[in-house]
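[1] Turn this into a structure:
(one chain, ligands or ions: 1)
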Amino acid sequence: MQSVLVSACLLGEAVRYNGGDMRCDHDILQQWQHEGRVVAVCPEVAGGLPVPRPRAEIAEGAGGLKVLAGIAKAVDSNGRDVSAYLISGAEQALELARARHIRIAVLKEGSPSCGTGFIFDGTFTDTRVKDRGVTATILQQAGVHVFSEAQLAEADALLRKIEADNVA
Ligand code: SF4
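    The predicted structure follows:
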(Lines give C-alpha, C1' and ligand atoms only; values in the text may rest on other atoms or scores of the structure.)
Protein backbone atom coordinates (compact mmCIF):
# COMPACT_ATOMS: atom_id res chain seq x y z
CA MET A 1 0.00 0.00 0.00
CA GLN A 2 1.25 3.43 -0.95
CA SER A 3 1.65 5.92 1.91
CA VAL A 4 0.90 9.62 1.39
CA LEU A 5 2.82 12.45 3.03
CA VAL A 6 0.45 15.11 4.43
CA SER A 7 1.07 18.45 6.11
CA ALA A 8 0.47 17.90 9.81
CA CYS A 9 -1.65 21.05 10.16
CA LEU A 10 -4.16 19.61 7.65
CA LEU A 11 -4.55 16.64 9.98
CA GLY A 12 -5.53 18.88 12.88
CA GLU A 13 -2.13 19.08 14.56
CA ALA A 14 -1.65 22.50 16.16
CA VAL A 15 1.71 23.24 14.54
CA ARG A 16 1.03 26.46 12.63
CA TYR A 17 2.94 29.66 13.33
CA ASN A 18 -0.08 30.99 15.23
CA GLY A 19 -0.47 27.88 17.37
CA GLY A 20 -3.47 26.64 15.41
CA ASP A 21 -4.19 24.04 12.79
CA MET A 22 -5.86 23.95 9.38
CA ARG A 23 -7.80 20.71 9.81
CA CYS A 24 -9.20 19.40 6.55
CA ASP A 25 -12.17 17.07 6.89
CA HIS A 26 -12.34 16.07 3.23
CA ASP A 27 -13.69 12.55 2.65
CA ILE A 28 -10.57 11.51 0.74
CA LEU A 29 -8.26 12.46 3.58
CA GLN A 30 -10.49 10.62 6.03
CA GLN A 31 -10.48 7.55 3.75
CA TRP A 32 -6.67 7.63 3.56
CA GLN A 33 -6.47 7.83 7.33
CA HIS A 34 -8.89 4.91 7.63
CA GLU A 35 -6.65 2.96 5.26
CA GLY A 36 -3.63 3.77 7.44
CA ARG A 37 -1.64 5.35 4.64
CA VAL A 38 -1.20 8.90 5.98
CA VAL A 39 2.25 10.03 7.14
CA ALA A 40 2.17 13.42 8.87
CA VAL A 41 4.96 15.96 8.65
CA CYS A 42 5.38 19.57 9.72
CA PRO A 43 8.66 20.61 8.13
CA GLU A 44 8.97 23.81 10.16
CA VAL A 45 8.62 22.05 13.50
CA ALA A 46 10.84 19.19 12.30
CA GLY A 47 13.40 21.82 11.32
CA GLY A 48 13.49 23.18 14.84
CA LEU A 49 11.06 26.10 14.89
CA PRO A 50 8.74 26.44 17.89
CA VAL A 51 4.96 26.73 18.12
CA PRO A 52 3.90 29.49 18.09
CA ARG A 53 6.48 31.32 16.00
CA PRO A 54 6.56 34.52 13.97
CA ARG A 55 5.07 34.15 10.50
CA ALA A 56 7.68 33.52 7.78
CA GLU A 57 7.77 34.21 4.06
CA ILE A 58 10.39 33.84 1.33
CA ALA A 59 11.89 37.28 0.67
CA GLU A 60 11.75 39.28 -2.53
CA GLY A 61 9.14 37.16 -4.26
CA ALA A 62 11.46 34.16 -4.60
CA GLY A 63 10.49 30.51 -4.19
CA GLY A 64 11.77 27.36 -2.56
CA LEU A 65 14.20 26.59 -5.37
CA LYS A 66 16.21 29.74 -4.70
CA VAL A 67 16.20 29.14 -0.94
CA LEU A 68 17.58 25.63 -1.49
CA ALA A 69 20.22 27.10 -3.82
CA GLY A 70 21.24 29.64 -1.18
CA ILE A 71 20.34 32.65 -3.32
CA ALA A 72 17.16 33.66 -1.48
CA LYS A 73 16.17 33.74 2.17
CA ALA A 74 13.14 32.85 4.19
CA VAL A 75 12.65 35.53 6.83
CA ASP A 76 10.19 35.87 9.66
CA SER A 77 8.12 38.95 10.43
CA ASN A 78 10.88 40.16 12.79
CA GLY A 79 13.40 40.06 9.96
CA ARG A 80 15.20 36.96 11.23
CA ASP A 81 16.64 34.62 8.62
CA VAL A 82 14.93 31.25 9.13
CA SER A 83 16.16 29.62 5.91
CA ALA A 84 18.24 26.98 7.71
CA TYR A 85 15.18 25.77 9.65
CA LEU A 86 13.04 25.51 6.54
CA ILE A 87 15.80 23.71 4.60
CA SER A 88 16.42 21.28 7.46
CA GLY A 89 12.69 20.57 7.69
CA ALA A 90 12.48 20.01 3.93
CA GLU A 91 15.39 17.58 4.07
CA GLN A 92 13.70 15.66 6.89
CA ALA A 93 10.43 15.50 4.94
CA LEU A 94 12.38 14.14 1.97
CA GLU A 95 14.07 11.50 4.16
CA LEU A 96 10.66 10.45 5.44
CA ALA A 97 9.29 10.23 1.92
CA ARG A 98 12.24 8.14 0.77
CA ALA A 99 12.08 5.82 3.77
CA ARG A 100 8.39 5.11 3.11
CA HIS A 101 8.73 5.01 -0.72
CA ILE A 102 6.21 7.83 -0.92
CA ARG A 103 5.16 9.04 -4.38
CA ILE A 104 2.41 11.51 -3.40
CA ALA A 105 2.30 14.43 -0.96
CA VAL A 106 -0.60 16.73 -0.05
CA LEU A 107 0.71 19.95 1.42
CA LYS A 108 -0.89 23.08 2.86
CA GLU A 109 -1.18 25.78 0.24
CA GLY A 110 0.50 29.17 0.73
CA SER A 111 3.18 28.18 3.26
CA PRO A 112 6.85 29.07 2.62
CA SER A 113 7.53 25.39 3.35
CA CYS A 114 4.45 23.56 2.08
CA GLY A 115 2.95 25.85 -0.58
CA THR A 116 2.53 24.14 -3.95
CA GLY A 117 0.62 26.61 -6.14
CA PHE A 118 1.34 29.89 -4.44
CA ILE A 119 3.32 31.38 -1.58
CA PHE A 120 3.62 34.95 -0.28
CA ASP A 121 6.12 37.47 -1.58
CA GLY A 122 8.06 38.37 1.56
CA THR A 123 6.37 41.71 2.19
CA PHE A 124 3.88 40.33 4.76
CA THR A 125 1.07 42.08 2.90
CA ASP A 126 -0.75 38.88 1.84
CA THR A 127 0.60 39.30 -1.68
CA ARG A 128 0.73 35.98 -3.48
CA VAL A 129 3.31 34.76 -5.97
CA LYS A 130 2.92 31.64 -8.10
CA ASP A 131 5.71 29.49 -6.69
CA ARG A 132 6.43 26.62 -4.33
CA GLY A 133 7.69 26.49 -0.78
CA VAL A 134 10.97 24.84 0.26
CA THR A 135 9.56 21.41 1.17
CA ALA A 136 7.24 21.29 -1.83
CA THR A 137 10.24 22.05 -4.04
CA ILE A 138 12.61 19.47 -2.57
CA LEU A 139 9.95 16.76 -2.78
CA GLN A 140 9.03 17.64 -6.34
CA GLN A 141 12.71 17.61 -7.35
CA ALA A 142 12.94 14.09 -5.93
CA GLY A 143 10.03 12.93 -8.08
CA VAL A 144 7.26 13.06 -5.48
CA HIS A 145 3.94 14.27 -6.94
CA VAL A 146 2.98 17.28 -4.84
CA PHE A 147 -0.62 18.48 -4.46
CA SER A 148 -2.39 21.09 -2.34
CA GLU A 149 -5.38 20.37 -0.10
CA ALA A 150 -7.57 21.73 -2.92
CA GLN A 151 -6.38 18.91 -5.19
CA LEU A 152 -7.27 15.86 -3.11
CA ALA A 153 -9.36 14.31 -5.90
CA GLU A 154 -6.40 14.54 -8.32
CA ALA A 155 -4.04 13.15 -5.69
CA ASP A 156 -6.38 10.23 -4.98
CA ALA A 157 -6.82 9.45 -8.68
CA LEU A 158 -3.04 9.27 -9.11
CA LEU A 159 -2.68 7.19 -5.95
CA ARG A 160 -5.20 4.61 -7.20
CA LYS A 161 -3.49 4.54 -10.61
CA ILE A 162 -0.05 3.95 -9.06
CA GLU A 163 -1.42 1.12 -6.95
CA ALA A 164 -3.25 -0.43 -9.92
CA ASP A 165 -0.06 -0.23 -12.02
CA ASN A 166 1.91 -1.87 -9.20
CA VAL A 167 -0.52 -4.79 -9.12
CA ALA A 168 -0.60 -5.22 -12.92
FE1 SF4 B 1 1.46 23.23 8.17
FE2 SF4 B 1 3.58 22.99 6.59
FE3 SF4 B 1 3.26 25.19 8.04
FE4 SF4 B 1 3.88 22.92 9.26
S5 SF4 B 1 5.15 24.02 7.80
S6 SF4 B 1 2.29 24.37 9.90
S7 SF4 B 1 2.78 21.44 8.02
S8 SF4 B 1 1.93 24.50 6.38
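[2] Which pLDDT value belongs to residue 166?
    Per-residue confidence at residue 166 stands at 87 (pLDDT).
[3] Phi, psi for the residue nearest in space to the middle of the chain please.
    Residue closest to the average C-alpha location in the chain (Cα atoms, centre = their mean): residue 114, at 2.6 Å. The phi/psi pair for residue 114 (degrees, to the nearest 10) reads phi -100, psi -10.
[4] wait, it sits on residue 136?
    Yes. With contacts defined as Cβ atoms under 8 Å, residue 114 counts as touching residue 136 at a distance of 6.0 Å. Glycine gets a C-beta too; all of them are placed from N, C-alpha and C.
[5] Common neighbours of these two, please.
    Shared between the contact lists of residue 114 and residue 136 (criterion: Cβ atoms under 8 Å, 6 or more residues apart in numbering) are residues residue 107.
[6] May I see the buried residues of the helix-or-strand element of the chain with minimal mean pLDDT?
    Lowest mean confidence among the helices and strands of the chain (mean pLDDT, DSSP states H and E): helix 152-167, at a mean of 95. For helix 152-167, the neighbour count (16 or more other Cβ atoms under 10 Å) marks 152, 155-156, 158-159 as buried.
[7] need the residues of this protein near the ligand, please.
    Applying Cβ under 6 Å from any ligand atom, we find that the chain lies next to the ligand at 7-9, 15-16, 42-44, 108, 111, 113-114.
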